[in-house]
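J.: Generate a structure from the sequence data that follows.
(2 chains)
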2 protein chains.
Amino acid sequence: MSLKVVVIGGVALGPKAACRLKRLVPEASVTILDKDELISYGGCGIPFYISGDVSDASELQSTSFHMLRDKKFFKEAKDITVLTRTFATSIDRKNKLVEARNLDSNEEFTLQYDKLVLATGSVPNKLPIPGSDLDGIFTVSNMQDAIQIKERIGKGEVEKVVIVGAGFIGLEMAVALSDLWGIETTVVEIEDQLLPGIVGRHVARMVQHHMEENGVNFHFSERVQEFTGNGRVERVVTDDRDLEADLVITAVGIRPNSDLATKAGLAVTARGGIIVNERLETSDPDIFAGGDCIETRHLITGRLCYMPLGSLANRQGRVIGTNLAGGNDLFEGVVGSFAVKLFDLSVVKAGLTLKQAKNEGFNAVNAFVAQLDRAHFYPEKDMMFLEVIVDKDRGQILGIEGVCDNGDALMCRINAVVPLLKNRAHVSELCNLELSYTPPLAAAMDIINAAANTAENLIAGRNRVIDIEDFEKIWDNREKENMVVIDCRAWGNAKPFVERYGDYWINIPQDELRRRINEVPRDKTIILVCNTGVRSYEAQLILDQYRIKDTYNLQGGVAGLKKSGLNLV
Amino acid sequence: MSLKVVVIGGVALGPKAACRLKRLVPEASVTILDKDELISYGGCGIPFYISGDVSDASELQSTSFHMLRDKKFFKEAKDITVLTRTFATSIDRKNKLVEARNLDSNEEFTLQYDKLVLATGSVPNKLPIPGSDLDGIFTVSNMQDAIQIKERIGKGEVEKVVIVGAGFIGLEMAVALSDLWGIETTVVEIEDQLLPGIVGRHVARMVQHHMEENGVNFHFSERVQEFTGNGRVERVVTDDRDLEADLVITAVGIRPNSDLATKAGLAVTARGGIIVNERLETSDPDIFAGGDCIETRHLITGRLCYMPLGSLANRQGRVIGTNLAGGNDLFEGVVGSFAVKLFDLSVVKAGLTLKQAKNEGFNAVNAFVAQLDRAHFYPEKDMMFLEVIVDKDRGQILGIEGVCDNGDALMCRINAVVPLLKNRAHVSELCNLELSYTPPLAAAMDIINAAANTAENLIAGRNRVIDIEDFEKIWDNREKENMVVIDCRAWGNAKPFVERYGDYWINIPQDELRRRINEVPRDKTIILVCNTGVRSYEAQLILDQYRIKDTYNLQGGVAGLKKSGLNLV
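T.: Residues are numbered from 1 along each chain as shown, chains lettered A, B, ... in the order given. A predicted model of the protein is given here:
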């Protein structure tokens, strides 16, 4: 008898596991069930379908060689049976049966399995508030939603959109709607920053500024109380305001779709994520699970976490396929790699944010650096901003995140840190990480090395820094704070600041500091500023020599302020 | 008494070590000697200065904030004394003295040191052949050469250039001369491929094809015998031909400049590289050395190797600076990361080539894959070609190299493997490497994961492959070889090949293979072909089921053939 495998869920992980198994054990009999008609589509492409970057929905369901991944494709190319519009109602673990129902005919039937794969994905959270059933309120959790949204836009019915939730789906949708369609888009977020739990405050602020410059409105720390309208949504009411909207997208997170697993008595977490071991077996060794319906181990915190990303689903699918075939492949966990492109700005991260690291009990510090992505003499280049989070006591690298217009170049730096995060490496490993170098693609001392060097100097207490947000606070109160900025750049750069801020902003170029040391006020807190934070660090070391110690180096410099929208002149 | 440090050499490592030391020990007294007038310039930028991408030589000597790194800069910004046009003639280790001579005044003097840094760099190899002293024959080893070459081009004196050596400097120069200046450029190389010892045959071939398409001529496996001309070079005579040239660039490698070290009795290798430990101390613990004058440990082979790259010099400089200050920073060695951009094509690698791995005794195999750099449904994307070298017995990752028009995206993949190479990681680590994902920047199953998966399938014997070069050999002899190509793509793609090659090239799309199995010839060697090698692998597994085993999957597929210049139709 050949191996009988049933896979419940046909979007990302299910087909991947099924195909891998069939490559290893061609004689296995594999059936995939999915409640939808459309299967095996790239759900991550939905915002690009809505924006128009992807012109036809079928492209999201095609292979790279333009074959539609439909039932026929799975049968002929893969020898896998796919039953669409088929809902798995329950699992009889004792008899190894899946009970299912065809959603069109209502016909009920059972499928026998030797091994079962749960790829049931996630369900979007809904806001439990009045009006949430009004027409025109969407999630973006499947192709049907996406097609409907695009239809309404195409008909010219949509002029104002409110997006609830500034997670990455919400932000991608904001870009899709405002960039190509020119729709007035407002994002309401209950937390006090965008991408909460994903990136730290500095990166969030830079992204926000970039999106605002591109016309997206944000309201943070506001809770949506109600949707109102006459049949169709017309207004979004928050605790602070009342926003017009012809269409609303709620993107307030998703949760594991684990009802079937729970009903079958499989172990799930408090959050509802199916619990699996490194082989991705559930509490029943004949049942595997992966993708958006499981929780997985965070390799830095050691805790379970919920990380519903298409890339993980694909990799987990292969692991399950191998193990279905009798292999022993392991999925050890995640370090939380993440990327998103918003208008022209890319955001990439891995590991923990500063806040998360502190919450986990690490003695975390952040080195924030700005550097060009290429050799500074090379004509085309972009400024990159990177924040490295390290544990001050152990030197362990805990996280890295950044923004850059050159998304590939940014991803290039973050990805190189991923294996180090996983190995809980010391920051010194990053100082000498041997990134490849050529002037058109990198600097001889790469920004990654520079960021690690800065972190090392921070840990050693040599580089005493102030962050952009803290600088803003002290600067806004400069009349009360006994402070002065020393701008370590050349006069040409400093001039507009000095002219505007007089006694609060003085200019002593770093290379003139030694001979002009008498001009440095000794009775004030000094904020040292240059374009990126490199010369101001040198200046700090010089002042240390002269025993002027109440000095703070602005991390990221004026370039960082500007990128954050803090244009002081 | 403050620490007295003398640094011999002021290009890359010397200034870096000096500046780092001064940041850690501001009261140290530091003197840098250099025999040239120009110091602290980005030598890697020379080809871009010659091409015109960098318009002024001073840009290579400036900081990212446009300050010229000259003597005055080092004095005022760094409190470091620089003596240019100063040649260190010998080292008196017993009395800790450097004897030096000013090359303009011929004045001789001695400098006392507590610690000495040798940053003497490299010297270009010269061809020991007749005519090599003719005017118009250059190396590209310093700014003086570069300025002279550019002057001659600017005057319109140069129409034909012969470059001897297809290493990266030779190739970068070929691009610089032919791209912007339109000079007819011919490269002569003694080895049978370009970038010998740096990349393997597949990548080399793709680069060659790209450069040939951009008008560069290559002659491989040819030795230059003589330069001829009347005072000024006019012809380059190889063992096979006679080439006209108004200017010749010899780029036949460089060697450590270690005369001073040798004379001082420091340990050097047979190749002349100064021997250092991980602290970068020479055999005299008061003398450090780094950059192009040392050999370093290759972390995969365990052997000493010569790796004269600006990026390493910078990182080593910082290590020396830290150790001069009493710290204990280590430079463990290299995995051989490398990058170069040639016209529109970037080449990036790390670790060993297939040939090097075999020569080192590894049971090495290569997985060669082609995949888009982004989600296949995303509108802008480039095909990337990657080769992963693994040890078949241990599964250890030994090397990775590739080409792509999107150099940042390529570097992104290679850099992520660098930490794994260093840790001698198993290829399975690469299968699940958690690269960040977003459709505009990556595929859900990234090419790195796909390449590792392919390597795993190769090791397991599931995927039996044929390389592009071997395919070419068998294909060129197809009338004698009992072979047939089965093209697994759709008819539209296969048609021109079938029409041209008849019985040698038949078309059975992979998804039709099961039902058309009777059309598969059972008495021939079958080469399975698709666009990239993915569908042909699936086809191979199907044929295995039908016990048709004499089949080989063309790695990289038709996309790979094309990129190598093998346009069969």
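J.: The one helix or strand A:Val82 maps to - what's its average pLDDT?
T.: Assigned by DSSP states H and E, A:Val82 belongs to strand A:81-83. Averaging pLDDT along strand A:81-83 gives 97.
J.: Please apply the same query to stretch A:425-441.
T.: When pLDDT is averaged over stretch A:425-441, the result is 96.
J.: Check the offset of that stretch from the chain's centre.
T.: The chain centroid and the centroid of stretch A:425-441 are separated by 23 Å, computed with C-alpha atoms, centre = their mean, to the nearest Å.
J.: end-to-end on that stretch?
T.: 26 Å (C-alpha to C-alpha, to the nearest Å).
J.: coming back round to it: so what does the strand holding A:Val82 touch, helix or strand wise?
T.: Under the contact definition 3 or more C-beta pairs under 8 Å, 6 or more residues apart in numbering or on different chains; DSSP states H and E, strand A:81-83 sits against strand A:29-33, helix A:71-78. All C-beta spots, glycine's among them, are computed from the backbone N, C-alpha and C.
J.: In CSV: those, plus distance to B:Lys358, mean neighbour count and mean pLDDT.
T.: Shown next, in CSV, are the helices and strands packed on strand A:81-83 (distance: least, C-beta to C-beta, whole Å; neighbours: other C-beta atoms under 10 Å in any protein chain shown; pLDDT from 0 to 100):
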stretch, distance to B:Lys358, mean neighbour count, mean pLDDT
strand A:29-33, 39, 24, 98
helix A:71-78, 36, 18, 95
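J.: Nearest to chain B, out of those?
T.: helix A:71-78 (3.8 Å; C-beta to the nearest C-beta).
J.: Could you figure out how far the closest one is turned away from strand A:29-33?
T.: 160 degrees (axes from the mean of the first three to the mean of the last three C-alpha atoms, to 10 degrees).
J.: Helix A:71-78 and chain B in contact?
T.: Yes: with C-beta under 8 Å from any C-beta of the partner chain as the criterion, chain B is reached by helix A:71-78 at A:73, A:76-78.
J.: Let me have those in a markdown table, adding distance to B:Val237 as columns.
T.: Shown next, in a markdown table, are the residues of helix A:71-78 next to chain B (distance: C-beta to C-beta, whole Å):
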| residue | distance to B:Val237 |
| --- | --- |
| A:Phe73 | 61 |
| A:Glu76 | 62 |
| A:Ala77 | 58 |
| A:Lys78 | 60 |
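J.: Which of those residues sits closest to A:Gln112?
T.: A:Lys78 (20.7 Å; C-beta to C-beta).
J.: Surely the closest one touches A:Ala18?
T.: Yes: if you go by C-beta atoms under 8 Å, A:Lys78 and A:Ala18 touch, sitting 7.3 Å apart.
J.: Quick check: beta-bridge partners of the residue most central in space within chain A?
T.: For chain A, the residue nearest the mean C-alpha position is A:Phe338 (4.2 Å; C-alpha atoms, centre = their mean). Legend: beta-bridge partners of A:Phe338 under DSSP bridges are A:Lys349.
J.: Repeat that for the one 4 residues further on.
T.: With DSSP bridges as the criterion, A:Leu342 is bridged to A:Leu345.
J.: who touches it in this structure?
T.: By C-beta atoms under 8 Å, 6 or more residues apart in numbering or on different chains, the contact set of A:Leu342 is A:171-172, A:174-175, A:207, A:210-211.
J.: if you set the cut-off to 10 Å instead, what comes out?
T.: A:Leu342 makes contact with A:168, A:171-172, A:174-175, A:179, A:194-195, A:207-208, A:210-211, A:214, A:216, A:403, A:407, B:438, B:440, according to C-beta atoms under 10 Å, 6 or more residues apart in numbering or on different chains.
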